[in-house]
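Chemist: below: sequence and its predicted model.
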Amino acid sequence: MYFGLSEDQEFFKDNVSKFLQDHAPLDVIKKIIEDDEHDLKNNIKNGLVNLGINSLLIPEEYGGLGLDLLFATAVSQSLGENIAPFSFLSSYVMAPIALINGGNTEQKEKYLKGILENNYKFGVGFSEFISARNDFGFIFKDNKINGKSIFVLDADDVSHLLLADENGVIGVVDTSDKNIEIIKLTTVDKTRSYSEVIFKNASIDVLENSITDIEPLKKSIDAGRIILAADSLGASEALIRKAVAYSKERKQFGRAIGSFQAVKHMCAEMASDLEPCYSLVWHAAHCFDNIPDESRLMACHAKSHVSEVSKVISKKATEVHGGMGFTDLMGIHYWFKRIGVNRQNLGSPETIREEAAKIQNL
Amino acid sequence: MYFGLSEDQEFFKDNVSKFLQDHAPLDVIKKIIEDDEHDLKNNIKNGLVNLGINSLLIPEEYGGLGLDLLFATAVSQSLGENIAPFSFLSSYVMAPIALINGGNTEQKEKYLKGILENNYKFGVGFSEFISARNDFGFIFKDNKINGKSIFVLDADDVSHLLLADENGVIGVVDTSDKNIEIIKLTTVDKTRSYSEVIFKNASIDVLENSITDIEPLKKSIDAGRIILAADSLGASEALIRKAVAYSKERKQFGRAIGSFQAVKHMCAEMASDLEPCYSLVWHAAHCFDNIPDESRLMACHAKSHVSEVSKVISKKATEVHGGMGFTDLMGIHYWFKRIGVNRQNLGSPETIREEAAKIQNL
Amino acid sequence: MNLNYGPEYKNFKKEVISFCKKWEGVHFVDEAKSPLTPITKVGGKKITRTEWQSILIKEGYFARSIPKEYGGYGGESDVIKNRIIATEFSNHGVPSPMSGQGIDMLVPTLLELGTEQQKKQYIEKTLLGEIIWCQGYSEPNAGSDLASLQTKGELVDGNWVINGQKIWTSTAQYSQMMFCLVRTEPEAKKHAGISYLLIPMETPGIEIRPLVDMTLKAGFNEVFFTNVTIPEANIVGKRGEGWAVANATLTHERGSLTNPNATMNRVNSLINIMKKETINGKKLIDIPVYRDKLMTLQAKVMAFQSNSLRVLSAKLNPGQDVKMAGMIQKYYGTELRHELEGFAVDVMGEIGTLYESSPHLRDKGSWQFLYMYYLGLIIGGGTSQIQKNIIAERGLGMPREPKVQEA
Amino acid sequence: MNLNYGPEYKNFKKEVISFCKKWEGVHFVDEAKSPLTPITKVGGKKITRTEWQSILIKEGYFARSIPKEYGGYGGESDVIKNRIIATEFSNHGVPSPMSGQGIDMLVPTLLELGTEQQKKQYIEKTLLGEIIWCQGYSEPNAGSDLASLQTKGELVDGNWVINGQKIWTSTAQYSQMMFCLVRTEPEAKKHAGISYLLIPMETPGIEIRPLVDMTLKAGFNEVFFTNVTIPEANIVGKRGEGWAVANATLTHERGSLTNPNATMNRVNSLINIMKKETINGKKLIDIPVYRDKLMTLQAKVMAFQSNSLRVLSAKLNPGQDVKMAGMIQKYYGTELRHELEGFAVDVMGEIGTLYESSPHLRDKGSWQFLYMYYLGLIIGGGTSQIQKNIIAERGLGMPREPKVQEA
């Protein structure tokens, strides 16, 4: 019995962290965001792809590494910790899982290989299935899609979009199709991209197994939620580390502020709230990989619980930094904002808790 | 413009406080509770009645003091502060208000005079109207009542019970009626009494104006909620005072524990949470007396908000007292428990917030 | 308890309303010099800012209690009249009088402690908006602990020569003057040795660098001083007594950061959103978990409003003890507002995270903006932690932190 | 990640199950000497408590790693086997081995630091339940600050003469012995000067007074010592080193106060209530505000369970760093449990406030009882405030409170 990341998982995670610390420190991320530096962004993307991040979840039979979600979870922690300006969730987690479970042989062959060979990138638009806002929504009919989707994840500069209709059928849209319009949205979190997409009779390739089975979609959402939880987990870990370090350095009233009990207790509360989240997220990923019966509920609880914990941490860590926490100089807000957007993606905590109750027939 | 208790109100409140400090200190209250000392309890009751507490809200035309609810609110603060083992809510607030608004001339004459002359005492059973639990409930028909009510307030040793059916009609039952059975309940708060009552074709005197108008009942509930909020307000004030005093006295690690920032901040949080509650409760009472349009919402918010604040204070104040807070020696738990039961009476915070939304057509 | 203002105020209110109707739509030739002055309805007369200030003073709608000789109205202070003016101006969309650190902090300080010369020189121009002031208190190493400030002023040949750095200086880029705390007695300890100086912002050697914050919008600055030389007479109070001079106005600042009525307006704006928008066809207001939290917050805001009425009452009824009610406002108000704005973001879900010039913004993205901005206010002007110290020590009389052995 | 225990444990589990089946319904001739030993199913064999302990030791189901010479099983410690035993005994309603401060704290201390004579004299009898121990640490003026304790022990003619008072002594009234911290070097400072003594409770001069707590149920005591005289040899470790002796076992105590699986059982019991009971005909579980909060708590408990699996894992996999995961358990677990029990009271509304032998109690009134009891546990055994100090200083490496100048 061993509860925790394996040596291999730690090793891969450390490699990702090391790469990001070397090639994507805060000032580089700021440049990418403020000056729209595509080259710098592509360097990061290429470096991560060279580490094999794109082939993590692709089965060995398609040439991928065939690793499990716990592996991807470890990677996601590192990406969140380093607020990596990189779209991991859609192309390399949710799309592969949707395709593996929902695609027919040709579809798998085509799309998984495309991801593996770095020719294809995916955006994911499942918002309307999870909780459709206002008049957003779309209809699949005769291999065409009509309507609009808000908050398509990672839809910037991708070859395909994955969309789920209200019945849980998954369709693939080629972004070169002239009958779609992608409108870039700006959120507070500029390390990743979000878009609204309007479809006017665009062609879709429906994933065959998703027509009669909702599991491909649900599994993709489960995995996405665990990965987002891991991202916020990593971001929260970074915030606590920064707050503790700053509190030891910064002096006020002749003492390090970290020697004041109020500051100590804020840090202790953050650490206590976060510590069980590691175990919860890993456990959820382990269940996804090995214990499907417990997996969906665990994924829900991991996402909603980590979202709540991280929100509180993002406030307290900013406060420990005092005025500096509020400025752009230390950039604490990048983590604050990443956590803020993760919280709403793939279901807000309230939405997900309601799902958790339904899963248990409550 | 003057926002606050008037000199008269402060004076009356101080008189009640002084009487209770002299005649009902903690050790007397403990004796009443532990040894069921009826004489001691009656002394307190008689003393408070001598101060005019029973005639506060009874109009001058019936020989009462004809004072307003803000007066009663001030008194209730003092009763809560001193965890008085005394039934103020039912006989002297909710019953008079129900009777004044719902009774016909004879009913007012009979019952209000009875209260004033200290011959009548009332218990109140409105739980089933506010939120009926499980199979509790009763039916009025042909001036008879059948069914059962749980959590009838102050029903110990009273002459009458006031009951509201699901339509908001109020009926008076004489407790000498052989067709009722009063079963004493034990709650954690032993300073007041609660009962279950079973009715088997007992006679009721229906308050005439309550048949067509729900306002008499609603007003009685509004007033009851404000009075309960004031009770918890007073109890919380006492807890903060005790915690601050203890923290200045008690030494650990060579210093008064009140000099530790953690303890200071707990006390500061309690004070900050509670301070606006004074204004909210007084404002609610003032609206009840003078601005009926705003009154119901204010009463709801006063009750639910003070309930939430007091729950947190009752925990923190106990913690500041350390182990001593957990023992019976200092008796902190009497305040903790009083706040705990007030919270659930006449609607839990969740129930009342739902009402507050409905009042605003939300 | 009496919430009526009395008959004399009824008449005053009528006057103000008729003034407002007359001036509805007034707007300005010149841009507002400070971004803290919001521009309102447009369409009526077009005048200068200074003309407007001057009209308001003449009517007694601004600078009521400031003596005529210094450019004020020369009447008595009246909090209820002030309240009526603020309410009616807001109702009619008439531009408020200017506010800002010069008017709110420097003017009262000068009135109390300035020389006759200083009063004459600065007060009227400040009231008319001809001099905008910024505040030079905080430094990178003196945030909560203002007494640790290090910017130095040396007296050389009858001039103060100033070197050092200030931070969190809002409106520095629009200001003509700064009132500033400077260490003039380096050998004196902590609070002693600080002086309160008035520095023209055009003096050579001053450099202003904008300081971007998490909202990417609000305007703080860093201000650097290199041999900035000003006359010896530009000091308020005595040399080394600047701490006391500053403290008179610090108290003033803390109360004004949060307005409960503005907070209730936000609750109502949120209700509007919740009535319109849907999840899976269901209105947000009909989702019980959101409705419950909305009511929880509405109750808190109502308590806060009532609390501030009580604070107002004490200004009218001397002797009413509302020390604690006043003391908690900064902590309670900023935390509450942050919670409320954050809840609104939650209710809107992904749409709540949209920002800047994104499509689909609600209320110009103000929810997300203010969610962050109020976190700044929780920190600025005495963090919540400092507030709790003050509440415990000064409000509840708890023991101060024991003195620490010097390392 | 691997949550399987491996094949050898499958066999062990089978053995334990067959043992449980054999002994199902066993119960005791004698009352449990300590109320901490719950009695379970009745119906099978009737034996003495000591016989039962002895059977368990023989099978290796209790005292596994304690050497045979001191009355133990003489095997290796195996946390998974312990877990299997606990689970299966609970599943089959077979009485657990005794626990208590003697077994959990005194025995490990003696094994590490006791003399050969002490080990022989006390360990076996303690394991068999023939000696029940209570703990004499806290005093009225030494709660969080144990180093301030004042109970004195003087060495007079080869005996310790003890005077003073202890408090929070649970099970004092059932105990034969107390392990006790006593100040034996009055001139030494704080931690120095304390000794760890073993006191027979029948010694003349000991008075036990029960201490009623807020639940009006749980059994603490005050214990008073007046010239209590015991042999010099009744000391563990050296004179003046009692602090170190006690600290070895204090660490032990903190982890065991909260059990996440028991907490999850409470969640499930609450769900049962919520499925049955109604408000206005609507099931509690169908009230969204309650359901949302229930799910919030269920997630927290699940996180806590996972965290404790990780702590367990580190016991099996030396080198795994779970320092923080272990350190937070007392704070996290007691606060969570208090919150959960309090939420259950809220859900039941007025019925939730019923207590003692009232009609209409749910689950024997345990919700209200445990709501208060866990507030006691938040305070006892190192309050949440002390836990946060420890987490910050030892866990996060934050600076200790600076030394205070002596007044």
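Modeler: Received it, and whenever you're ready, just let me know what you need.
Chemist: what's the single longest helix in chain A?
Modeler: The longest helix of chain A (DSSP state H) is helix A:215-249.
Chemist: please apply the same query to chain C.
Modeler: Per DSSP H, chain C has its longest helix at helix C:288-316.
Chemist: and that helix, average pLDDT?
Modeler: In this model, helix C:288-316 has a mean pLDDT of 96.
Chemist: how far away is the closest residue to residue A:350 other than its chain neighbours from residue C:280?
Modeler: Nearest residue to residue A:350 in three dimensions, chain neighbours excluded: residue C:289, at 5.2 Å (Cβ to Cβ, 6 or more residues apart in numbering or on different chains). Bear in mind the C-beta positions are built from the backbone N, C-alpha and C, glycine included. Distance, residue C:289 to residue C:280, by Cβ to Cβ, to the nearest Å: 14 Å.
Chemist: which of the two has more residues huddled nearby?
Modeler: Neighbours were tallied for residue C:289 and for residue C:280 using other Cβ atoms under 10 Å in any protein chain shown; the higher tally belongs to residue C:289 (19 against 13).
Chemist: isn't that one up against residue D:287?
Modeler: No - applying Cβ atoms under 8 Å as the test, residue C:289 and residue D:287 come out as separate, 10.3 Å apart.
Chemist: report the central residue of chain A.
Modeler: For chain A, the residue whose C-alpha lies nearest the mean C-alpha position (Cα atoms, centre = their mean) is residue A:228; its distance is 3.8 Å.
Chemist: show me what contacts it?
Modeler: With contact set as Cβ atoms under 8 Å, 6 or more residues apart in numbering or on different chains, residue A:228 has these partners: A:76, A:89, A:303, A:342, A:345-346.
Chemist: try residue C:376
Modeler: By Cβ under 8 Å, 6+ apart, the neighbours of residue C:376 are A:326, C:213-215, C:218.
Chemist: kindly report the same for residue C:183.
Modeler: Counted by Cβ under 8 Å, 6+ apart, residue C:183 has contacts C:149-153, C:193-195.
Chemist: turn those into a markdown table, including pLDDT and neighbour count.
Modeler: Below are the contacts of residue C:183 laid out as a markdown table (pLDDT from 0 to 100; neighbours: other Cβ atoms under 10 Å in any protein chain shown):
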| residue | pLDDT | neighbour count |
| --- | --- | --- |
| C:149 | 91 | 27 |
| C:150 | 93 | 14 |
| C:151 | 96 | 23 |
| C:152 | 96 | 16 |
| C:153 | 96 | 28 |
| C:193 | 92 | 20 |
| C:194 | 95 | 26 |
| C:195 | 96 | 25 |
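Chemist: of those, list those near chain A.
Modeler: When Cβ under 8 Å from any Cβ of the partner chain is applied, no member of the contacts of residue C:183 is adjacent to chain A.
Chemist: and the residue in the stretch 201-350 of chain A positioned nearest to chain B, what does it touch?
Modeler: Closest residue of the stretch 201-350 of chain A to chain B, Cβ to the nearest Cβ: residue A:261 (3.9 Å). Applying Cβ under 8 Å, 6+ apart, one finds that residue A:261 lies in contact with B:260-262, D:389, D:401.
Chemist: for it, which non-adjacent residue is closest in space?
Modeler: Once flanking residues are discounted, residue A:261 sits nearest to residue B:261: 3.9 Å by Cβ to Cβ, 6+ apart.
Chemist: from residue D:385, how far off is that neighbour?
Modeler: Residue B:261 sits 10 Å away from residue D:385 when distances are taken as Cβ to Cβ.
Chemist: likewise residue A:349?
Modeler: To residue D:385, residue A:349 is 29 Å away according to Cβ to Cβ.
Chemist: next: residue C:165.
Modeler: Plainly put, residue C:165 is 38 Å away from residue D:385 if you go by Cβ to Cβ.
Chemist: more neighbours, these two?
Modeler: For residue C:165 versus residue D:385, neighbours defined as other Cβ under 10 Å are more numerous around residue D:385 (23 against 20).
Chemist: shouldn't residue C:349 be within a helix?
Modeler: Yes - Residue C:349 forms part of a helix when assessed by DSSP: H, G, I helix; E, B strand; the rest coil.
Chemist: quick one: it and residue A:130 touch, right?
Modeler: No - if you go by Cβ under 8 Å, residue C:349 and residue A:130 don't touch, sitting 9.7 Å apart.
Chemist: what residues are shared contacts of the two?
Modeler: Jointly contacting residue C:349 and residue A:130 under the rule Cβ under 8 Å, 6+ apart are residue A:351.
Chemist: gap between the nearest residue to residue A:301 once chain neighbours are set aside and residue A:277?
Modeler: Distances taken as Cβ to Cβ, 6+ apart put residue D:299 closest to residue A:301, at 3.8 Å, once the chain neighbours are dropped. As defined by Cβ to Cβ, residue D:299 lies at a distance of 10 Å from residue A:277.
Chemist: quick one, domains of chain A?
Modeler: Segmentation of chain A into domains, based on automatic domain parsing, reads A:7-116, A:122-210, A:215-359.
Chemist: make that chain C, sorry
Modeler: Domain assignment for chain C, taken from automatic domain parsing, gives C:7-98, C:108-243, C:256-395.
Chemist: is chain B within reach of the first one?
Modeler: Yes - under the criterion of Cβ under 8 Å from any Cβ, chain B is reached by domain C:7-98 at residue C:80.
Chemist: so what's whatever residue of the stretch 51-200 of chain C ends up closest to chain A up against?
Modeler: Relative to chain A, the nearest point of the stretch 51-200 of chain C is residue C:145 (4.0 Å; Cβ to the nearest Cβ). Contacts for residue C:145 (Cβ under 8 Å, 6+ apart) come out as A:252-253.
Chemist: ditto for the one 5 residues further on
Modeler: For residue C:150, the contact set (Cβ under 8 Å, 6+ apart) comprises C:139, C:141-142, C:164, C:183.
Chemist: and these, which two are the farthest apart?
Modeler: Put simply, by Cβ to Cβ the two of the contacts of residue C:150 set farthest apart are C:141 and C:183, 11.9 Å from each other.
Chemist: shared neighbours, those two?
Modeler: Taking Cβ under 8 Å, 6+ apart as the criterion, residue C:141 and residue C:183 both touch C:149-150.
Chemist: who's in contact with the lowest-mean-pLDDT helix or strand in chain A?
Modeler: The least trusted helix or strand in chain A, going by mean pLDDT, DSSP states H and E, turns out to be strand A:251-252, with a mean of 91. With contact meaning Cβ under 8 Å, 6+ apart, strand A:251-252 is reached by A:257, C:141-145, C:148.
Chemist: run the chain-centre distance for that strand.
Modeler: Mean-position distance between strand A:251-252 and its chain equals 37 Å (Cα atoms, centre = their mean, to the nearest Å).
Chemist: tell me the strands beside it, with direction?
Modeler: Here strand A:251-252 is paired, per DSSP bridges, with strand A:255-256 (antiparallel).
Chemist: so how many other residues sit close to residue C:205?
Modeler: Neighbours of residue C:205 under the rule other Cβ under 10 Å: 13.
Chemist: now swap in the one 5 residues further on and tell me
Modeler: Residues within reach of residue C:210, counting by other Cβ under 10 Å, total 11.
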